[in-house]
Each structure stands twice: as structure tokens, then as C-alpha cells.
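Trainee: Sequence unavailable; structure follows:
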């Protein structure tokens, strides 16, 4: 029986070389940074060897932050220098230039590899190794993103400021976040799809099923990112490309079964590790990686939930407060919509912070520190401690009153607390039976 692998075509070898180079360059330093990704240590105070470990990969980031702007300036001749790096947005100029750089380096590496290794018949072992690498990194990200949705932490319930925000003032991304965040059930449904798909990728026999599920789930994410202008277009597209790469060897078999209605051949299992000791060692590493990936993600989710999620601590006077009376320097100030200084609304939704709306509907964020023992509130614009004011504060279930010297003016402000349950978005709920559509 001939056990020699079937020679690959020139197109297959060239395509593999390119994708191998591209994925390795794009994913680097994975898998060397596995400990950083799934570290069980406290990120605020890690052991010394973990600090050294982080510092090592910090040098690589420092190199990229110098090299990528150089490419933008000297190769692409960008009009403006790159000064903003990857942050909450993954679609910065830096990210696009980095992707271009990785793509061109991959083409160059493919050409060199093809010349030096032109006589090789196939890359069976290398292909298996690359698939393992992609399976684990894609599975890790699917679990991470998935659990954030399962526990309602990526797209949160609409905040109080969003409840009073005019619909037309929402950004497309804000609209998408509110749409998903409104329903914990829908958020969990999409999240479990990502988690299950990611877990299936960790096992060779379920990789095809996992890839199919991930493609379905991530295609929806990519569509939202593109059509609602969510700045994760590049990274989500890369995750989709990885899933397609994993599914590609089974595309012909799936086509036969699903589209041509005819049986297909069973896929021949190829093992990267063959020795007994090697298999046991790999099994231990697999269990460690999967276990730590799940533990680290759930631990991070738990902390985030307490900091800014549904389980977060609410401020003492949590709520939306509309100004009913504004007395400034012993004169009652009328509620004129042209007045840019008179307050219209005060929203307290996070401990230590407040959002103030003035009569012209402009808003400003303040530090708002309440001392419930002495019934005082220290307030000043965020980032400007020179304008600190200390006011007396009193409130009950329906009213709030603050008085004192505010920005060199004597004020006495009375608020009426708004009943949040009156919002249609909050009180509508779920109905099995709808005699008529309730679309408002």
C-alpha cells in the first residue's frame, strides 16, 4: 500500500506558502505569548518572571510602533504621520498600514520560499501544524468573545444616558450595541454560538463542524461591523478568514453532500504527534490551554461584571433627575431652552460620576463624589480639579436637592426623579400573544 502523500499542485503549494507566512506574521508572537493570553496570575501584581515575560513582548510592540509608521511615511507616503496606535478601535490608520505591511512581507517571503524549496512535493506536516496553530488561536478568541456575550458584558443594557438620548443622535455602532444589549437572552444566544464553535475547534474530529459554526457566527459579526461602522472590521475579517482556511480542505466533501446529493469519502486522519510520550505531553498541554483559556476568560468577565456590568455597584442616588427649580444667587432662573448654563437634567449611573444636561441639550461629564454620612457632594468637571465645589445634598425616592456654592455662584437646585419604568423600552417586556404588532 502506497503511504506517500499525493504531490500538491503548484497552486496548492504556493497558496499554502502564502497563507502560512501571512498567518504566522499576523499572529506573532502567538504561540510564544500563550502565557500572557491565559495567565492565571493577577495582572496588577504578577510574579517577577511574568513581568519579564511581558517586557519581552513589549519590545516587539515597540518595534512595530516604529516600523509601521516608517512604512506609512516612506512607502505609502501618507500625508499625515501615524501617531495613533491600536486602542479601542482596531481600524486605525496604523492597523491598515500594519495589515498592508504584513501582506507585502508575506508575498516576499512566499517568493523566497518558493525559490528555495521549489522541489518539495507537499507540505502535509506543515499544514497540520499550521491548522493546529489557527485552531487554538481562533478557538481562544471565540471563547473570549463568546463568554463576554453570554454574561451580557460586551453589549450592555442601555445606560440611563442612552434612555434619554434622542434616537437620531445615536451612532450606528451605538444603535447596534443597544440593539444587542437590550436583550440578555439574545446576547447569550449569540455568545453560546461563539463559545461552542470555539470549543469544537480544539478537537481534530470536530474541527469541520466548529469551522462551519464559527463561519456562520462570525459572518454575522463581520456584517454588523461593516454595516454599523463598528471599528473591528479588520480583526473580525481575519477571524472569518481563519475559519474559512480551516474549512477549506473539506469544501469538496461538503459540496458533494450538501449540493450534489451524493456520498463522499471519509476524511483520512493525519496525526502530527505519533509517539506515545509525545501524545501524552500534547494532551496535557491541550487540557492546560483549554482550562486556562476558560478560567482566565471567566475570571476577567466576573471582574468586569462587578466593575461596569449588570452586577456593578450603583451610586447612592442612582437615577435620572429632572430640574424642577433652579435658584441662582437667590434669583429663580427660568427654564429657557436658549440658556447654555442652566441645568436641565442630572443623571447618576456610576459611583463618583455624573452627567449634566443643560437647557440646550448639551451634556458634560462631572466627577460627583457623594458622602452619604455628611450628606455632601463634591463636584467638578472631569479633568479640572480647579473648579471643585462642595454642596449639600438630600434626596428621597422622588426628589433630590443640592445647594451651596457652585462655580462661584450660590445655587439651590431641586430635582424630580424620573420613573425609569415608564420608558417603553423598559416596561414593554415579552409577550407570547400579540393580537396586533406593537411597533413604536
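Mentor: Now that the structure is in, tell me what you want to look at. Source: prediction; values computed, not measured. Residues are numbered from 1 along each chain as shown.

Trainee: Poorly predicted segments of the stretch 51-200 of the chain, please.
Mentor: The model of the stretch 51-200 of the chain has no residue with pLDDT under 70.

Trainee: where exactly do the helices run in it?
Mentor: All helices of the stretch 51-200 of the chain, identified by DSSP state H, counting those that start in this stretch, fall at 93-116, 124-150, 160-163, 172-182, 184-201.

Trainee: Residues contacting the next helix or strand along the chain from the last one, please?
Mentor: Toward the C-terminal end, the helix or strand that comes next after helix 184-201 (DSSP states H and E) is helix 207-227. Residues lying outside helix 207-227 but in contact with it, judged by CB atoms under 8 Å, 6 or more residues apart in numbering, are 131, 135, 138-139, 142, 172, 176, 190, 193-194, 196-201, 203, 230-233, 236-237, 239-240, 243-244, 246-247, 250, 254, 267. (Each C-beta comes from the backbone N, C-alpha and C, glycine too.)

Trainee: So which bits of helix 207-227 are buried?
Mentor: 207-215, 217-218, 221-222, 224-225 (16 or more other CB atoms under 10 Å).

Trainee: how far out from the middle of the chain is it?
Mentor: Helix 207-227 has its C-alpha centroid displaced from the chain centroid by 15 Å (CA atoms, centre = their mean, to the nearest Å).

Trainee: Same question for stretch 180-194.
Mentor: With CA atoms, centre = their mean, you get 14 Å for stretch 180-194.

Trainee: how about that stretch: buried residues?
Mentor: 180, 181, 182, 184, 187, 188, 190, 191, 193, 194.

Trainee: dump the residue contacts of the second one.
Mentor: For residue 181, the contacting residues are 152, 155, 156, 157, 158, 187, taking CB under 8 Å, 6+ apart as the criterion.

Trainee: Can I have the buried ones of those as a PyMOL selection?
Mentor: Selection of buried members from the contacts of residue 181 for PyMOL, criterion 16+ other CB under 10 Å:
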select buried, resi 152+155+156+157+158+187
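
Trainee: Can you lay out the contacts of residue 181 as a markdown table showing distance to residue 127?
Mentor: Below are the contacts of residue 181 laid out as a markdown table (distance: CB to CB, whole Å):
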| residue | distance to residue 127 |
| --- | --- |
| 152 | 39 |
| 155 | 37 |
| 156 | 41 |
| 157 | 45 |
| 158 | 47 |
| 187 | 37 |
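
Trainee: If we only consider the contacts of residue 181, which is nearest to residue 168?
Mentor: Closest approach to residue 168 among the contacts of residue 181 (CB to CB): residue 158, at 15.9 Å.

Trainee: From residue 319, how far off is that closest one?
Mentor: 15 Å (CB to CB, to the nearest Å).

Trainee: now the helices: where do they sit in the stretch 301-440 of the chain?
Mentor: Taking DSSP H, counting those that start in this stretch as the criterion, the stretch 301-440 of the chain contains helices spanning 424-427.

Trainee: low-confidence ranges in it?
Mentor: In the stretch 301-440 of the chain, no residues with pLDDT under 70.

Trainee: again, 90 this time
Mentor: Residues of the stretch 301-440 of the chain meeting the criterion pLDDT under 90: 306-311, 337-341, 361, 372-374, 383-387, 397, 406-409, 429-430, 439-440.

Trainee: what ranges do the strands span in it?
Mentor: Shown for the stretch 301-440 of the chain, the strands assigned by DSSP state E, counting those that start in this stretch span residues 319-328, 331-332, 343-350, 352-358, 363-371, 376-381, 389-395, 399-406, 409-417.

Trainee: and the first one, what other elements does it pack with?
Mentor: Read that as strand 319-328. helix 160-163, strand 343-350, strand 409-417 (3 or more CB pairs under 8 Å, 6 or more residues apart in numbering; DSSP states H and E).

Trainee: what does the fifth one give?
Mentor: Using 3+ CB pairs under 8 Å, 6+ apart as the contact definition, the elements that strand 363-371 packs against are strand 352-358, strand 376-381.

Trainee: Can you list the strands that the longest one pairs with?
Mentor: Each strand that pairs with strand 352-358, with its direction, by DSSP bridges: strand 343-350 (antiparallel), strand 363-371 (antiparallel).

Trainee: Dump those into JSON lines; add mean neighbour count and distance to residue 111 as well.
Mentor: Listed next are those as JSON lines, based on neighbours: other CB atoms under 10 Å; distance: least, CB to CB, whole Å:
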{"stretch": "strand 343-350", "mean neighbour count": "21", "distance to residue 111": "54"}
{"stretch": "strand 363-371", "mean neighbour count": "17", "distance to residue 111": "53"}
